[in-house]
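> Need the 3D shape of this:
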Amino acid sequence: MTLFNRLLLIIFGIGLIPIIPTGGFLFYYQSVARENILTLHQSLSGMAGVAAASHLEALVKEVSWLSASAGKDGKELVASALGRQGRFALAAVLDGRGRELHKDGTFQARRLFGELDFSGNPLFASASASGKPAFGNFELVYDLPVCHLFYPLDGGRWFFAAVDLRELFSVLARQRIGSGGGVFLADSSGGLFGPPGGLPPVDPDALKDLFSGESRHSDSIAGRGGRYVGAFSPVPGFDLMVVTLQAGHDAFRGINLITSLIVFFLLAISTVFYFSALLLSRRLIGPVGELMAGAARVTGQNFKQPVDESTGIREFSELLKAFNAMMREVDRYQEMQVEKVLEEKQKTDLLISLLHDAMILCDMRGELVYANSRARSLLGLGSAGGENEETRRRISGIVKLRATAGEVISLETPGGETRWFRVNIQTLSPRKQKPAIFILLRDVTAERQLQAMKDDFFHSVAHDLRAPLLSMQGHIRLLEKALSGDADKSGRLSEIKSSSSRIFELLENILDISRMESGSLKLEKEAVPAAGLAESAAGRFRHLFEEKKVRFAVSVPEGLELRGDRKMLERLLENLLSNALKFTPEGGEVSLSASSVPGGAELAVTDTGPGVPAGEVESIFEKYGRVKGTDKPGFGLGLAIVKRIAGLHGGDIRAAAGPGGSFRVFLPSQ
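Below you'll find the predicted structure:
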């Protein structure tokens, strides 16, 4: 949905808010007005019923003199009744079974009624059973409305009269309701009585249903030509109903007219408000459209084209002016930022060009993204580019070498020279760009050469010192025998012997590492029983553990065999046990165990010493590497020799960080 349509709906919806309660009021008004019309009909029928009852009761009173006519014959009674009451069209005296004894009246009435016999008449039967006067059987006699009156006489006789009801119908006819409604009489079966041509075409069954229902009024009485509105009231003492009837369209003409006027008025208001909302929305959407177009240009980095500030609404004009001012400021700021970025880039390029380290930035596949001049020289690339598949393979090769060889790798330069580099690889994962790999290569060839020279120097010194040191140890043993009785001199001689042993051990370690690194050390692999190997190595340390009061336990299963050089494996275990003895405090525990694992066997030495800090787990296996802050004697070569012995056998060693030393050596079975 567009912004224009939304604005139009919002403004038009606000305008419709007062119309909703107006519609509710209109619905309420219709309901109340309809109820008032039905109440009016009910009131009119009640008043007409009272008038009809009074009129009929007056007739009964007028013939009450008949009760004092005992002994008079029928002819005399009929003549007296016709003389007293001019509303009798016919008068007669009947026997107890309702058959005529004597009658008289107008010619039309005598001709219509003929011989009177009411023996089967329901009204007469009801009067005979009750012994009281009865009115009923309303009918038209030559356009003359009449009803039957039965009055009891002496001797079981009955007086009958056809009563003229024109006066009563005249009174009822004057009660007009609307333009076509009126008041009518009806019996309980739904039959209407009144002047011919003046009765509404109402369905008698509909009136009968109304009479038998709970409500005395209805706005949906069925009839020919439409629905009727009406109400009824029974005439007390008579089988007669007074009914008010009015055509529905006539009864609700006023309500429908007012409703139509209100609906027309509401539609007119809605139409006017719609077009007003349409015009207002168009005026509002113009400046908003300008703002949207300007925002789209800003998104496209176009700050030169301003928005049109001429609108008919002052607030929008101010907003558009502020937007143009913002665009100019952003344009100026962007130019400043671009200049600043270019300046910073020049500085960064200068600093990177002065670095002696090679910097490479590539994607996850090894495709080159950036390389400084040192890296391009190392990769054999010119300053103008020249990246190809060979370059990608060389970069991927550097990553693989770093994963297999460690932090220091050797690379062959385009000139054929082999140089050593310390590799630092970081994976960059920016949120809005693809991941990349940053590679930093620091040339450590000079350091490696210096270390090689230092190792050669130590190797030469150690080799030259070994012969005189062996001779010195021989003379020390001769002096021990000669001074066996002198405790003071023997103690000093023991210190000299211990110091020479430490120097000899250092020389042996230096020579062993030199042989291992040069590749001159050859292994003589064989099947070595793990139990015998452990017992041989442990035997040299048991008395040392006992002197230090350290509990020492060996747990090696029988039948477990190791594949390797026996002397080198003994040296491995001795170095591990020596390290555990050095760092385990008095009263502690040291254990040596072996177990079979998938692909080979595992040797484990654990102790209750201070353990290895988490950040030094790898550095303790380097040459001259020691735990920081320790005051224990040593040269940092024991664990380095253990790692190299394990590596020569195709295995590895792991140390656990935290309190308590734990070293596990894996040796493959092949």
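
> what number of residues lie near the residue nearest to Leu648 when sequence neighbours are not counted?
Nearest residue to Leu648, sequence neighbours excluded (CB to CB, 6 or more residues apart in numbering): Leu523, at 5.9 Å. (Glycine included, C-beta is placed from N, CA and C.) Residues lying near Leu523 (other CB atoms under 10 Å) number 14.

> show me what contacts Leu523?
By CB atoms under 8 Å, 6 or more residues apart in numbering, the contact list for Leu523 reads Gly564, Asp565, Met568, Leu648, His649.

> Out of these, flag the one nearest to Tyr151.
Closest to Tyr151 out of these is His649 (144.9 Å), distances taken as CB to CB.

> what's around the nearest residue to Arg253 once chain neighbours are set aside, how many residues?
Spatially, and ignoring its direct neighbours in sequence, Arg253 is nearest to Gly178 (7.6 Å; CB to CB, 6+ apart). Neighbour count of Gly178, defined by other CB under 10 Å: 16.

> tell me the secondary structure for the residue nearest to Leu648?
At Leu523 the chain is in coil, as set by DSSP: H, G, I helix; E, B strand; the rest coil.

> and for stretch 22-42, what are the contacting residues?
177, 216-219, 229-231, 233, 244, 246, 251-252, 254-255, 258-259, 262-263, 266.

> Looking at the residues you listed, which are in helices?
If you go by DSSP state H, these have Ala251, Gly254, Ile255, Ile258, Thr259, Ile262, Val263, Leu266 in helices.

> Let's see the PyMOL selection covering just the buried ones among these.
Selection command for PyMOL covering only the buried members of these, criterion 16 or more other CB atoms under 10 Å:
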select buried, resi 251+255+259+262+266
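
> can you redo the ones in helices among the contacts of stretch 22-42 as a markdown table with pLDDT and distance to Leu603?
Below are those laid out as a markdown table (pLDDT from 0 to 100; distance: CB to CB, whole Å):
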| residue | pLDDT | distance to Leu603 |
| --- | --- | --- |
| Ala251 | 78 | 113 |
| Gly254 | 79 | 113 |
| Ile255 | 79 | 108 |
| Ile258 | 82 | 108 |
| Thr259 | 81 | 104 |
| Ile262 | 80 | 103 |
| Val263 | 82 | 101 |
| Leu266 | 78 | 98 |
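
> where do the strands sit along the stretch 201-350 of the chain?
For the stretch 201-350 of the chain, the strands defined by DSSP state E, counting those that start in this stretch occupy 217-223, 226-234, 241-247.

> by contact count, what packs against the first one?
For strand 217-223, the contact count by 3 or more CB pairs under 8 Å, 6 or more residues apart in numbering; DSSP states H and E identifies helix 19-62, helix 204-212, strand 226-234, helix 248-251 as packing neighbours.

> repeat that with 6 Å
Here strand 217-223 touches helix 19-62, helix 204-212, strand 226-234, going by 3 or more CB pairs under 6 Å, 6 or more residues apart in numbering; DSSP states H and E.

> quick one, the first one and strand 226-234 angle?
When you say that, I think you mean helix 19-62. Interaxial angle of helix 19-62 relative to strand 226-234 (axes from the mean of the first three to the mean of the last three CA atoms, to 10 degrees): 50 degrees.

> so where is the stretch 501-650 of the chain shaky, pLDDT-wise?
Residue ranges of the stretch 501-650 of the chain with pLDDT under 70: 501-521, 624-636.

> can you rerun that using 90?
Applying pLDDT under 90 to the stretch 501-650 of the chain flags residues 501-525, 535-548, 558-559, 564-572, 574-585, 587, 599, 609-650.

> same question, the stretch 201-350 of the chain
Judged by pLDDT under 90, the stretch 201-350 of the chain has its weakly predicted residues at 201-230, 232-350.

> that's a helix at Gly120, yeah?
No. According to three-state DSSP, the state of Gly120 is coil, so it is not within a helix.

> rewinding a little: would you reformat the ones in helices among the contacts of stretch 22-42 as TSV and include distance to Ala538?
Below are those laid out as TSV (distance: CB to CB, whole Å):
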residue	distance to Ala538
Ala251	122
Gly254	121
Ile255	116
Ile258	117
Thr259	113
Ile262	112
Val263	110
Leu266	107
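
> Report the two of the ones in helices among the contacts of stretch 22-42 separated the most.
For these, and using CB to CB, no pair is farther apart than Ala251 and Leu266, which are 24.2 Å apart.

> rewinding a little: the strands of the stretch 201-350 of the chain: which one's closest to Leu637?
Leu637 lies closest to strand 217-223 among the strands of the stretch 201-350 of the chain, at 115.4 Å (CB to CB).

> Can you give the distance of the closest one from its chain's centre?
Centre-to-centre, strand 217-223 and its host chain are 55 Å apart (CA atoms, centre = their mean, to the nearest Å).

> got the buried residues for that strand?
For strand 217-223, a neighbour-count test (16+ other CB under 10 Å) marks His217, Ser218, Asp219, Ile221, Gly223 as buried.

> now Ala129: how far from Gln670?
Going from Ala129 to Gln670 by CB to CB, to the nearest Å gives 131 Å.

> Please apply the same query to Gly588.
From Gly588 over to Gln670 the distance is 37 Å, taken as CB to CB.

> of the two, who's got more company?
Between Gly588 and Gln670, Gly588 has the larger neighbour count (other CB under 10 Å), namely 19 against 7.

> and Leu478, what element?
If you go by DSSP states H and E, Leu478 is part of helix 445-482.

> So what's the model's average confidence on that helix?
Here helix 445-482 scores 67 as its mean pLDDT.

> If you count residues, where's the longest strand of the protein?
Looking across the chain with DSSP state E, the single longest strand is strand 418-428.

> any idea how far Ala614 lies from Pro659?
To Pro659, Ala614 is 11 Å away according to CB to CB.

> How about residues contacting stretch 203-221?
For stretch 203-221, the surrounding residues in contact (CB atoms under 6 Å, 6 or more residues apart in numbering) are 38, 41-42, 190-191, 222-223, 227-232.

> farthest-separated two in the residues you listed?
Top of the distance list for the contacts of stretch 203-221 (CB to CB): Leu38 and Gly191, 23.1 Å.

> Who has more neighbours out of these two?
Between Leu38 and Gly191, Leu38 has the larger neighbour count (other CB under 10 Å), namely 20 against 15.

> mind checking pLDDT for that one?
At Leu38, the model reports a pLDDT of 84.

> what's the answer for the one 4 residues further on, then?
pLDDT, the model's per-residue confidence, is 84 for Gln42.

> So what's the residue count around it?
Gln42 has 18 nearby residues by other CB under 10 Å.

> for Arg176, same thing?
Arg176 has 11 neighbours, counted by other CB under 10 Å.

> just Gln246 next, same as before
Neighbours around Gln246, by other CB under 10 Å: 26.

> partners of it in the sheet?
For Gln246, the beta-bridge partners under DSSP bridges are Val229.

> roughly how far apart are it and Arg34?
Gln246 is 13 Å from Arg34, by CB to CB.
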